[in-house]
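S.K.: Just the structure for this:
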Amino acid sequence: MKDKGLGNPLQRQGVQNTIAAIIAIFIGMAVGLIVLLFTDVSRAGEGMLAILTGGVSDLKNLGQVLYYATPLIMTGLSVGFAKKTGLFNIGASGQYMMGAFAAVYVGVKWTFLPAGLHCLAAILAACLFGAVWGILPGVLKAWRGINEVITCIMMNYIAMSMSNQLIRSFIYDRAKNQSFRPAATAELPKLGFDKIFVVEGGTPSSVNAGILVAILLAVVVWIILEKTRMGYELKACGFNKDAAKYAGISEKRNIVQAMVISGALAGIGGGLNYLAGAGTGIMVSDTLAQQGFDGIAVALLGMSNPIAIIFTGILMAYLTVGGLAMQSFGFVSQVITIITSVIVYFAAFILFFSQIIAKLAKGKERSNANAESPPPADLGKGGEGV
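M.R.: Alright, predicted model coming up:
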């Protein structure tokens, strides 16, 4: 009998994961609406409508969605790549901060480089610093068996303090308590986006070539994981390290390699964010970069699939822009933080939701199979037909 449904297990799993992610998002939005109702019942509907439509209310806001999505896609790729290889990179925040510092430092100091080369050098510096920041957790995990979550958390705080000190020492703007802005030659090209994503008579959005870089890197990461030997070995170690070791795959090498690549992706995210020409430098502050933790939500919602992470990164950015629009109705910005946090919380249960959906689907298939199968042969009376 032919399977009338999704016969391919991977296709079926993809549909189940998509449904589960939608459930998590729906719950988050429902909780957000409840908070708005308790805050101001008379304007709750307008506030929720602003969240849902703010990102597409005009071309400038749509451009801002893509601008905010750029670092989220990169940190989501960082967390997702590590997760595919059996690691939980909670250190994307620190790797992001170190990459941001490296990019801004090169952008401020290396003004002797021509425009195109200057921007490329800044991005490569961000990639290098992020990768270096991922090495130590990988080495400690590979050779000493130390849980990468613990070392990544410590590395986050070290990165925060170190980046503050490096900024004060080399590129500090005392008047603004932040780093100097990168030179114009180091900024990412606009590629005409400033002419597209703009409202008449207003300032253009901050979107630039960074969104294309993020999408391109997501595709590259997908190719590495799904179409190369290196990706196969990395995933094999993540699925079953003992079986991978038996097959001759070096577990230690792949752990370090995975953390280095993961750190490089987060570092590039920091570089792309601060080379956008949005008019700000890196603030000297005792807070961790939120983009690194938002990347966890992006990766969870995307089930660590690099292509899905593109869309979940845009979704999280869309909520951010919608939250800004919501403030015009008198609601505080923390409401969008609550919505995002609830989505993150329930995203952790996506696998649980997927398993329930899978069981329901299997139960339905079993019922259909039983209904279509022929009844047992009639053995007749007195043992006839035996």
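
S.K.: leaving aside the residues next to it on the chain, what's closest to residue 188?
M.R.: residue 208 (4.3 Å; C-beta to C-beta, 6 or more residues apart in numbering). The C-beta positions use only the backbone N, C-alpha and C, and glycine is treated the same way.

S.K.: and that neighbour, what does it touch?
M.R.: 67, 187-191, 193, 276-277 (C-beta atoms under 8 Å, 6 or more residues apart in numbering).

S.K.: Surely residue 178 and residue 274 touch.
M.R.: No. Judged on C-beta atoms under 8 Å, residue 178 makes no contact with residue 274 at a distance of 10.4 Å.

S.K.: Quick check: neighbours shared by the two?
M.R.: Common neighbours of residue 178 and residue 274 (criterion: C-beta under 8 Å, 6+ apart): 280-282.

S.K.: circling back: comparing residue 178 and residue 274, which residue is more hemmed in?
M.R.: Higher neighbour count among residue 178 and residue 274: residue 274, with 27 against 18, using other C-beta atoms under 10 Å.

S.K.: And that one, how close does it get to residue 63?
M.R.: 18 Å (C-beta to C-beta, to the nearest Å).

S.K.: With residue 115 instead?
M.R.: From residue 115 to residue 63 the distance is 22 Å (C-beta to C-beta).

S.K.: Residue 174 too?
M.R.: 32 Å.

S.K.: returning to what we had before: neighbour-wise, which of residue 115 and residue 63 wins?
M.R.: For residue 115 versus residue 63, neighbours defined as other C-beta under 10 Å are more numerous around residue 63 (24 against 13).

S.K.: did I read that right, the more buried one in a helix?
M.R.: Yes. Looking at residue 63 with DSSP: H, G, I helix; E, B strand; the rest coil, it is inside a helix.

S.K.: List the contacts of it.
M.R.: Applying C-beta under 8 Å, 6+ apart, the residues contacting residue 63 are 193, 196-198, 204-207.

S.K.: now do 7 Å
M.R.: 193, 197, 205, 207 (C-beta atoms under 7 Å, 6 or more residues apart in numbering).

S.K.: Now compare these and name the two farthest from each other.
M.R.: Within the contacts of residue 63, two members stand farthest from each other by C-beta to C-beta: 193 and 205, at 7.3 Å.

S.K.: okay, the two: which has more neighbours?
M.R.: With neighbours defined as other C-beta under 10 Å, residue 193 and residue 205 compare such that residue 205 has more, 25 against 21.

S.K.: where's the more buried one relative to residue 211, distance?
M.R.: From residue 205 over to residue 211 the distance is 11 Å, taken as C-beta to C-beta.

S.K.: Now list whatever residues contact both of those two.
M.R.: Common contact partners of residue 205 and residue 211 (C-beta under 7 Å, 6+ apart): none.

S.K.: Which residue, other than its chain neighbours, is closest to the spatially most central residue of the chain?
M.R.: For the chain, the residue nearest the mean C-alpha position is residue 76 (1.9 Å; C-alpha atoms, centre = their mean). Counting by C-beta to C-beta, 6+ apart, residue 298 is the residue found nearest to residue 76 once chain neighbours are left out, at 3.1 Å.

S.K.: How about residue 295?
M.R.: Nearest non-adjacent residue to residue 295 (C-beta to C-beta, 6+ apart): residue 75, at 2.7 Å.

S.K.: how near is residue 146 to residue 329?
M.R.: From residue 146 across to residue 329, the span is 48 Å (C-beta to C-beta).

S.K.: the more surrounded of those two?
M.R.: Per other C-beta under 10 Å, whichever of residue 146 and residue 329 has more neighbours is residue 329, with 17 against 14.

S.K.: list the contacts for that one?
M.R.: Applying C-beta under 7 Å, 6+ apart, the residues near residue 329 are 43, 46-47, 50.

S.K.: JSON lines please, covering these and showing secondary structure and distance to residue 249.
M.R.: As requested, these are exported to JSON lines (DSSP: H, G, I helix; E, B strand; the rest coil; distance: C-beta to C-beta, whole Å):
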{"residue": "43", "secondary structure": "coil", "distance to residue 249": "58"}
{"residue": "46", "secondary structure": "helix", "distance to residue 249": "56"}
{"residue": "47", "secondary structure": "helix", "distance to residue 249": "52"}
{"residue": "50", "secondary structure": "helix", "distance to residue 249": "51"}
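
S.K.: those helices in the stretch 201-350 of the chain, which residues are they?
M.R.: 210-227, 229-239, 241-246, 251-274, 290-301, 306-326, 334-347, 350-372 (DSSP state H, counting those that start in this stretch).

S.K.: for these, which one sits closest to residue 33?
M.R.: Taking these one by one with C-beta to C-beta, helix 334-347 is closest: 9.0 Å.

S.K.: Buried residues in the closest one, which are they?
M.R.: 335-336, 338-340, 342-344, 346-347 (16 or more other C-beta atoms under 10 Å).

S.K.: before we move on, the earlier item: so which one among the contacts of residue 63 has the lowest pLDDT?
M.R.: Note: of the contacts of residue 63, the lowest pLDDT belongs to residue 205, at 88.
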